[in-house]
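Asks: Model the following, please.
(one chain, ligands or ions: 2)
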Amino acid sequence: MTEHYDVVIIGSGAGGGTLAWKLAPTGKRVLLIERGGYLKRERDNWETDAVFLRGKYTTTETWLDLDDKEFVPEQNYYVGGNTKFYGAALFRLRPEDFGEITHHGGLSPAWPLGYDDYEPWYGEAEQLYHVHGAAGEDPTDGPRSAPYPYPAVQHEPRIQQLNDDLERLGLHPSHLPIGVLLDQNDAGQATHTSTCIRCDRVDGFPCLVDGKADAQVVAVDPALEHPNVELWTNVKVERLETDASGRQVTAVVATTPDAKEVRASGDIVVVACGALNSSLLLLRSANDAYPSGLANRSDQVGRNYMRHNNVALMALSREPNPTRFQKTLTLNEWYLKGEDDDHPWGGIQMLGKADGEQLKGKAPHFLAWAARRVPERPLTEMAHHSVDFWLSSEDLPHADNRLTIDKDSTIRLAIKETNPEGLKRLRKKFESMLGDLGMHEGTHERSLYLHEAMDIAATAHQAGTVRFGTDPTTSALDTDCKAHDLDNLYVVDSSFFPSIGAVNPTLTIIANALRVGQHLSERLG
Ligand SMILES: Cc1cc2nc3c(=O)[nH]c(=O)nc-3n(C[C@H](O)[C@H](O)[C@H](O)COP(=O)(O)OP(=O)(O)OC[C@H]3O[C@@H](n4cnc5c(N)ncnc54)[C@H](O)[C@@H]3O)c2cc1C
Ligand code: SF4
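Replies: Ligands and ions are numbered 1, 2, ... in the order given. Below you'll find the predicted structure:
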């Protein structure tokens, strides 16, 4: 039997979970289908060994690259999706990111909508995801119609020192916008009623005390308080069926862990599986009307995959760095334009603090590196001196950077680096400043962050594989994120990005889900 709903949403992460929250008060029957279950709350949530060294919570599926090399994509299948593990750095794209930008490596294409179209939704997104920040500090920020809903998370002393040193160099560091359920006292400590306890596990770990504003905590669970919203967990959608004309999705076909087939249908069907899995689902749903994949008459589905040019760097502070909650500072000085360079470089932000166990996991490389700098210090002490940074630069959409399915069902991801120059120059500039920032010369690449995955497996910031636009020959979705080719199919996750900017993508995914949610509420009456 196929149960019918007003809206079926596939995937409960930043896109799907937020959309369910937005639609819940409409009273429409909403079904949310999630391939994973609730993430088990246990000590291991906060154990470096379990999360980073053993990859206990990450998928075990393997995909292939173009050279037939196997890799495990950085994906986490749970209620709340990858936001259960994200660092909750929730930036708005800069207004310029919505226009065309010339980079060293080529053109970053314009979006069909502008910053002004997203501004009100960014505000609602910041409210929903408890974003703490300070307006007016970051010179690249766009105009805002409302202040941040929560005050910026205060710097701990070593990071305040870093902020002051950067300002002394004439630069403009600012507080990093971050989504945590934190109430601070005047000294910046968590109050006794705060859900977030301001610990050192904020980046890459799931939050054991539900203090992180992830999609499960702030969107899915509150949506489920409405009797019209239903959640199926551990149900993986395999394909979508259409009517003969190909204009309507008529069934969502899924399997349970014991391989039983279950089906649902909806007046509206929303795919929100994350950019890679959403394009996979559409490609797997090929039929007579769509021989190369559902909603793919443009041949854009699976193409233009982007994920940022990133590097995680560890520097050694001369003074100890006892910071616990380190993700409080960002520097976007060269985001729009590099130094003596007309092209953008990208941004710098703090990462969660590396601990001794993470460093031990990388001991052979790390020891050699650290021994050259401070031979007298033992490894464990190094963790107390590390300061951890994330440098992020824009990569560009390219038709050949794409996900495909071989005839034997093998999933294959092709990726060729685009626009590496900005990140190279940003890193060089950053490293040249270390002496002035109270640190030893040189940096160490902290590749264990994101599970060693700075290569093809680094899919954390995936975007762009089902892009939106006004021209159905060059985009798969219209500006409401409805498939050009179908009447009742939407894609509401990171897939729709025509270009990715250089800031973390999730606030834009959330803002877009709220925007499309408003459109769907109106469409459903
Ligand atoms: C370690 C880490 C740190 C990060 N830090 C940040 C950060 O600080 N700031 C930031 O902006 N972003 C960060 N990100 C990225 C952020 O998590 C993603 O941008 C965001 O979660 C994407 O939202 P989404 O809705 O597109 O996909 P997801 O959140 O991945 O949700 C997709 C959901 O669909 C489900 N699903 C997939 N296929 C199917 C199927 N066939 N059937 C049913 N369900 C399915 C998945 O299980 C998942 O729950 C980080 C990611 C990681 C991994
Ligand atoms: S800092 Fe707060 S949100 Fe992050 S893991 Fe600790 S308690 Fe959770």
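
Asks: and the longest helix for the chain?
Replies: If you go by DSSP state H, the chain has its longest helix at helix 506-524.

Asks: dump the residue contacts of the nearest residue to L90 once chain neighbours are set aside.
Replies: Beyond its immediate neighbours in the sequence, the residue positioned closest to L90 (Cβ to Cβ, 6 or more residues apart in numbering) is L507, lying 4.2 Å away. For the C-beta atoms, the positions are set from N, CA and C on the backbone; glycine is no exception. Applying Cβ atoms under 8 Å, 6 or more residues apart in numbering, we find L507 in contact with 90-92, 122, 125-126, 129, 131, 177.

Asks: let's go with 6 Å and repeat that
Replies: 90-92, 125 (Cβ atoms under 6 Å, 6 or more residues apart in numbering).

Asks: Just the CA trace of stretch 334-347, in PDB.
Replies: Presented in PDB, the C-alpha positions along stretch 334-347 are these (Å, rounded to 0.1, in the frame of the first residue of the first chain):
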ATOM      1  CA  TRP A 334      41.300  38.900   1.800                       C
ATOM      2  CA  TYR A 335      37.900  37.400   1.100                       C
ATOM      3  CA  LEU A 336      37.000  39.800  -1.700                       C
ATOM      4  CA  LYS A 337      40.400  40.800  -2.900                       C
ATOM      5  CA  GLY A 338      43.900  39.500  -2.100                       C
ATOM      6  CA  GLU A 339      46.800  41.700  -1.000                       C
ATOM      7  CA  ASP A 340      48.200  43.500  -4.100                       C
ATOM      8  CA  ASP A 341      46.000  41.200  -6.100                       C
ATOM      9  CA  ASP A 342      42.600  41.900  -7.700                       C
ATOM     10  CA  HIS A 343      41.400  38.400  -7.200                       C
ATOM     11  CA  PRO A 344      39.800  36.900  -4.100                       C
ATOM     12  CA  TRP A 345      41.700  34.600  -1.800                       C
ATOM     13  CA  GLY A 346      39.200  33.400   0.800                       C
ATOM     14  CA  GLY A 347      38.800  33.400   4.500                       C
END
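
Asks: what's the farthest-apart pair in the contacts of L507?
Replies: Across the contacts of L507, the longest distance by Cβ to Cβ is 11.0 Å; it joins F91 and A125.

Asks: Name the spans of the stretch 251-400 of the chain whose pLDDT lies under the cut-off.
Replies: 360-377, 379-380 (pLDDT under 70).

Asks: Now whatever residue of it ends up closest to ligand 2: which helix or strand?
Replies: Going by Cβ to the nearest ligand atom, ligand 2 is nearest to F325 of the stretch 251-400 of the chain, at 5.4 Å. According to DSSP states H and E, F325 maps onto no helix or strand at all.

Asks: And for H484, the neighbour number?
Replies: 19 (other Cβ atoms under 10 Å).

Asks: ugh, wrong one, I meant E319
Replies: For E319, the count of nearby residues is 12 (other Cβ under 10 Å).

Asks: What's the separation between the closest residue to it other than its chain neighbours and ligand 1?
Replies: Computed as Cβ to Cβ, 6+ apart, the closest residue to E319 that is not its neighbour in sequence is G438, at 6.2 Å. As for G438, its distance to ligand 1 is 25 Å (criterion: Cβ to the nearest ligand atom, to the nearest Å).

Asks: again with A264
Replies: In terms of Cβ to the nearest ligand atom, A264 sits 12 Å off from ligand 1.

Asks: So for the helix or strand that residue falls within, what gets flagged as buried?
Replies: Using DSSP H and E, A264 falls within strand 261-271. Buried residues in strand 261-271, counted by 16 or more other Cβ atoms under 10 Å: 262, 264-271.

Asks: what does stretch 481-496 give?
Replies: 481-486, 488-496.

Asks: Quick one: distance of that stretch to the chain centre.
Replies: 19 Å (Cα atoms, centre = their mean, to the nearest Å).

Asks: Need the residues that contact it.
Replies: Residues contacting stretch 481-496 (Cβ under 6 Å, 6+ apart): 15, 19, 247-249, 268-272, 274-275, 278, 295, 297, 462-463, 465-466, 468, 472, 477-478, 505, 509, 513, 516.

Asks: And stretch 288-295, by the same measure?
Replies: Contacts for stretch 288-295 (Cβ under 6 Å, 6+ apart): 240, 246, 282-283, 285-286, 296, 301, 476, 483, 485-486.

Asks: Sitting in strands, which of those do you find?
Replies: Taking DSSP state E as the definition of strands, the contacts of stretch 288-295 contribute L240.

Asks: Distance to E34 added to the contacts of stretch 288-295, as a markdown table?
Replies: As requested, those are exported to a markdown table (distance: Cβ to Cβ, whole Å):
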| residue | distance to E34 |
| --- | --- |
| L240 | 16 |
| G246 | 27 |
| L282 | 18 |
| L283 | 20 |
| S285 | 18 |
| A286 | 24 |
| N296 | 25 |
| V301 | 22 |
| A476 | 23 |
| A483 | 22 |
| D485 | 26 |
| L486 | 23 |
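
Asks: wait, which of the contacts of stretch 288-295 is closest to L64?
Replies: Among the contacts of stretch 288-295, L283 lies closest to L64 (Cβ to Cβ), at 15.0 Å.

Asks: my read: the closest one touches I405, true?
Replies: Yes. Using Cβ atoms under 6 Å, L283 makes contact with I405 at a distance of 5.4 Å.

Asks: Leaving out the residues flanking it, which one is nearest to M439?
Replies: A315 (4.5 Å).

Asks: Doesn't the one you found lie inside a helix?
Replies: No. If the criterion is DSSP: H, G, I helix; E, B strand; the rest coil, then A315 is strand and not within a helix.

Asks: check contacts around it.
Replies: 387, 434, 439, 443.

Asks: Can you flag which of these belong to strands?
Replies: V387.

Asks: Same list (the contacts of A315) but as CSV, adding neighbour count.
Replies: As requested, these are arranged in CSV below (neighbours: other Cβ atoms under 10 Å):
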residue, neighbour count
V387, 24
L434, 18
M439, 23
T443, 22
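
Asks: For the residue in the chain that ligand 1 sits nearest to, grab the count of nearby residues.
Replies: Here the residue of the chain nearest ligand 1 is G13; by Cβ to the nearest ligand atom that distance is 2.0 Å. G13: 34 surrounding residues under other Cβ under 10 Å.

Asks: how many other residues sit next to V8?
Replies: V8, neighbours per other Cβ under 10 Å, totals 28.

Asks: can I assume it is in contact with L31?
Replies: Yes. Counting by Cβ under 6 Å, V8 touches L31, with 4.8 Å between them.

Asks: any residues in contact with both of these two?
Replies: A264.

Asks: Next up, the contacts around N185.
Replies: Shown in contact with N185 (Cβ under 6 Å, 6+ apart): T191.

Asks: now the helices for the stretch 51-200 of the chain?
Replies: 115-128, 157-168 (DSSP state H, counting those that start in this stretch).

Asks: Need these in CSV (columns: mean neighbour count, mean pLDDT and distance to ligand 1).
Replies: What follows is these, written out as CSV (neighbours: other Cβ atoms under 10 Å; pLDDT from 0 to 100; distance: least, Cβ to the nearest ligand atom, whole Å):
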stretch, mean neighbour count, mean pLDDT, distance to ligand 1
helix 115-128, 20, 98, 11
helix 157-168, 16, 98, 17
